[in-house]
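Asks: Curious how this folds, go ahead:
(2 chains)
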There are 2 protein chains.
Amino acid sequence: MKELEFIKYISKRPLFKGIGDDCAVLPYRKNKYLLVTTDMIIEGVHFAKSDLPYRIGWKAVAVNISDIAAMGGVPKYALISAGIPRNKGLRYLKKITEGIEAAARKFSVKIIGGDTNLSAKTVVNAALIGEVEKQNLLRRSGAKPGDLIFVTGALGEGKKKHLSFIPRALEARRLAANFKINAMIDLSDGLAMDLTRLASASRAGARVYKSLIPLSETTLSLRGATKGSDEAISSGEDFELLFTASVKESRRIIKRMGEKLPVTLIGEIVPKKLGIKIVEESGRERILKPEGFAHI
Amino acid sequence: MKELEFIKYISKRPLFKGIGDDCAVLPYRKNKYLLVTTDMIIEGVHFAKSDLPYRIGWKAVAVNISDIAAMGGVPKYALISAGIPRNKGLRYLKKITEGIEAAARKFSVKIIGGDTNLSAKTVVNAALIGEVEKQNLLRRSGAKPGDLIFVTGALGEGKKKHLSFIPRALEARRLAANFKINAMIDLSDGLAMDLTRLASASRAGARVYKSLIPLSETTLSLRGATKGSDEAISSGEDFELLFTASVKESRRIIKRMGEKLPVTLIGEIVPKKLGIKIVEESGRERILKPEGFAHI
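Replies: Take a look at the predicted model:
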């Protein structure tokens, strides 16, 4: 196996099979599940050497909160491990800690453990524990042909915002509590990759309309609609939510759209045999390949 | 702060304060607590570049099982994150995975999640979740003056065995279930460091007899008793258990010592004002400084 193939392999595959969701789901109380997730962020892969340490700490916690949110849950506890280069010094470590604490505080997450080590490059791992009422649990696998597909926020901002994004925990709870959401995933690796994950887990196909993909005004003015949506499709780290609901339920969602529910309709779930496709502005359909994952 | 001071700071301090035990303890069921712990092992710090990947995987899980064991608990679930250098290749990753799976299987731990990343050096983080009956929970803080101090196994073997040790999960459960243990900790950073942690958490002092420290026959023949016990005191990664019990309870423990309960009496807990001391073979007492932590 060549080096490039190995990189492809390692970047896209979970370490252990059979984990098809953003979190593991464990038995907990009579009416609740425990949600557990872990993510490691590494210098040179998920952030640059020159990035602000406060932001690195923030991101380490935020990416995991996003995973809990994507399953409809409430994050509760965090365990942190960090590896810090010996030449970085105490101030750098303290800034990372401040970022970790700020993200935890914002989402009422209690930090219950952690250890620090020396390391050649900076690396921060967070494990998060959350909970979800059994009736609010959302998985990737529940989408049904006929469902409409929504995303929160604006896409294609990952490169700019991946260190400072605010995970969609509140929005996810509002969705889970007030609507019958059939499937949900967070957009960590780009629309193409994560929609494929959701559709595959649901044994379904999908059709997304390029012209419906929400872009920020900055993206629109800087990149234009076509380039902007291409980026939204293929680049990662938006950490917005992608979810589906029946047409009937979607009508209720659309009526409530707004500041408190910043969601956009982008497509529909179709039978598996129709594949996963993007409809260009011209009306031409093309197969959406699960590519992307453009970390730094 | 100079580089060396930073290294000292980072090596010995938990990332967040207020976590005085090997695991965080969370509410769970009526009669049980949830135990959660995380540890990161890094190339060049906790293992060498040339170490067998299978052993690296094993150690990543084993060190965390040892933390659950030290609190009297049963490990149940593991989440793994790994960073692998791009030039290592698939076979290396697979061997790490095999080691992780072997350690998990041996202790009936279910792997419920994990992700893989590229990294400059190999790094593996495991977060473990366990459970413990409320009456079996053991903390560092319960030792009382008059208690006797025990360790499992033989000490000073860390350098040789740190990649292949078998965490004392069975022995810990036997101790927690059959005896009234007042305090327990696992020996990850050497007797001097970890006894200090236990005594400090218990607001007590301690006196350990050097001649009582159990050494393996190999250590005895290669290093002799004096050098061997010095190593046992100051060097880390033995991953044996250090625990205390009242004199009355200690009598019961001593009666049952043997293959199934491989423990040795090494000293006693004393009032805090008497400090933490080691009694040399000559009978001379010296203050035991919390030094050690001799990782590779």
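Asks: Look up how far chain B lies from A:Arg173.
Replies: Look at A:Arg173 and chain B: by Cβ to the nearest Cβ, to the nearest Å, they are 21 Å apart. For every residue, glycine as well, the C-beta is placed using N, CA and C.
Asks: before we move on, what about A:Ala127?
Replies: Looking at A:Ala127 against chain B, where the rule is Cβ to the nearest Cβ, the gap reads 4 Å.
Asks: swap in A:Lys277?
Replies: 28 Å.
Asks: burial of A:Arg55, as a residue count?
Replies: 17 (other Cβ atoms under 10 Å in any protein chain shown).
Asks: hang on, it in a helix?
Replies: Yes. A:Arg55: assigned to a helix according to DSSP: H, G, I helix; E, B strand; the rest coil.
Asks: Which residues are in contact with it?
Replies: Shown in contact with A:Arg55 (Cβ atoms under 8 Å, 6 or more residues apart in numbering or on different chains): A:Phe47, A:Gly99, A:Leu163, A:Ser164.
Asks: from these, which would you call buried?
Replies: A:Phe47, A:Gly99, A:Leu163 (16 or more other Cβ atoms under 10 Å in any protein chain shown).
Asks: A:Thr218 - how many residues pack around it?
Replies: By other Cβ under 10 Å, the residues close to A:Thr218 number 13.
Asks: ugh, typo on my part, it should be A:Glu217
Replies: 8.
Asks: can you redo the contacts of A:Arg55 as JSON lines with distance to chain B and secondary structure?
Replies: Putting these into JSON lines (distance: Cβ to the nearest Cβ, whole Å; DSSP: H, G, I helix; E, B strand; the rest coil) gives the following:
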{"residue": "A:Phe47", "distance to chain B": "12", "secondary structure": "strand"}
{"residue": "A:Gly99", "distance to chain B": "12", "secondary structure": "helix"}
{"residue": "A:Leu163", "distance to chain B": "16", "secondary structure": "coil"}
{"residue": "A:Ser164", "distance to chain B": "21", "secondary structure": "coil"}
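Asks: The helix or strand containing A:Ser200 near chain B anywhere?
Replies: Element membership of A:Ser200 [criterion: DSSP states H and E] is helix A:191-201. No. If you take Cβ under 8 Å from any Cβ of the partner chain as the test, helix A:191-201 misses chain B, and the best it gets is 13.5 Å.
Asks: ok, and for that helix, which residues are buried?
Replies: A:Leu191, A:Ala192, A:Met193, A:Asp194, A:Leu195, A:Thr196, A:Arg197, A:Leu198, A:Ala199, A:Ser200, A:Ala201.
Asks: One more: stretch A:260-280?
Replies: Buried residues in stretch A:260-280 (16+ other Cβ under 10 Å): A:261, A:263-270, A:276-279.
Asks: Low-confidence stretches in the stretch 1-150 of chain A?
Replies: Low-confidence segments of the stretch 1-150 of chain A (pLDDT under 70): A:1-19.
Asks: Let me see the ranges of the helices in it.
Replies: A:3-12, A:53-70, A:89-106 (DSSP state H, counting those that start in this stretch).
Asks: Just name the most buried of the ones you listed.
Replies: helix A:53-70 (a mean of 26; mean count of other Cβ atoms under 10 Å in any protein chain shown).
Asks: Direction-wise, compare it with helix A:89-106 and give the angle.
Replies: Interaxial angle, helix A:53-70 versus helix A:89-106 (axes from the mean of the first three to the mean of the last three Cα atoms, to 10 degrees): 30 degrees.
Asks: what sits up against the host helix or strand of A:Arg286?
Replies: Assigned by DSSP H and E, A:Arg286 belongs to strand A:285-287. Residues outside strand A:285-287 that contact it (Cβ under 8 Å, 6+ apart): A:Arg207, A:Gly275, A:Ile276, A:Lys277, A:Ile278, A:Val279, A:Glu280.
Asks: quick one: the second one and B:Gly153, what's the gap?
Replies: Read it as A:Gly275. 59 Å (Cβ to Cβ, to the nearest Å).
Asks: Just the ones in strands from the buried residues of stretch A:260-280, please.
Replies: Among those, DSSP state E puts A:Val263, A:Thr264, A:Leu265, A:Ile266, A:Gly267, A:Glu268, A:Ile269, A:Val270, A:Ile276, A:Lys277, A:Ile278, A:Val279 in strands.
Asks: The closest residue to the last one other than its chain neighbours: neighbour count?
Replies: The spatially closest residue to A:Val279, leaving aside those adjacent along the chain, is A:Tyr209, at 4.8 Å (Cβ to Cβ, 6 or more residues apart in numbering or on different chains). A count of neighbours around A:Tyr209, defined by other Cβ under 10 Å, yields 18.
Asks: do the one 3 residues further on as well
Replies: For A:Leu212, the number of neighbouring residues by other Cβ under 10 Å comes to 15.
Asks: is it true that it touches A:Ile278?
Replies: No. The criterion here is Cβ atoms under 8 Å, and A:Leu212 misses it with A:Ile278 at 10.5 Å.
Asks: Show me whatever sits in contact with both of those two.
Replies: In contact with both A:Leu212 and A:Ile278: no residue, using Cβ under 8 Å, 6+ apart.
Asks: What's the separation between A:Gly228 and B:Asp186?
Replies: 53 Å.
Asks: actually A:Thr244, not the one I wrote
Replies: The gap separating A:Thr244 from B:Asp186 is 47 Å, by Cβ to Cβ.
Asks: the more surrounded of the two?
Replies: Taking other Cβ under 10 Å, A:Thr244 and B:Asp186 do not tie; A:Thr244 has more neighbours (30 against 25).
Asks: confidence score at that one?
Replies: Here the pLDDT value assigned to A:Thr244 is 98.
Asks: same thing with the one 5 residues further on?
Replies: pLDDT, A:Glu249: 97.
Asks: Please identify which helix or strand holds it.
Replies: Applying DSSP H and E, one finds A:Glu249 within helix A:247-256.
Asks: and that helix with strand A:263-271, angle?
Replies: Going by the same axes, to 10 degrees, helix A:247-256 makes 170 degrees with strand A:263-271.
Asks: Please save the CA atoms from helix A:247-256 in CSV.
Replies: Written as CSV, here are the backbone C-alpha positions of helix A:247-256 (Å, rounded to 0.1, in the frame of the first residue of the first chain):
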residue,chain,number,x,y,z
VAL,A,247,-42.8,16.1,4.1
LYS,A,248,-45.6,16.6,6.6
GLU,A,249,-43.1,17.3,9.4
SER,A,250,-41.0,19.5,7.1
ARG,A,251,-44.0,21.8,6.6
ARG,A,252,-44.0,22.4,10.3
ILE,A,253,-40.2,23.0,10.3
ILE,A,254,-40.4,25.4,7.4
LYS,A,255,-43.1,27.4,9.1
ARG,A,256,-40.9,27.9,12.2
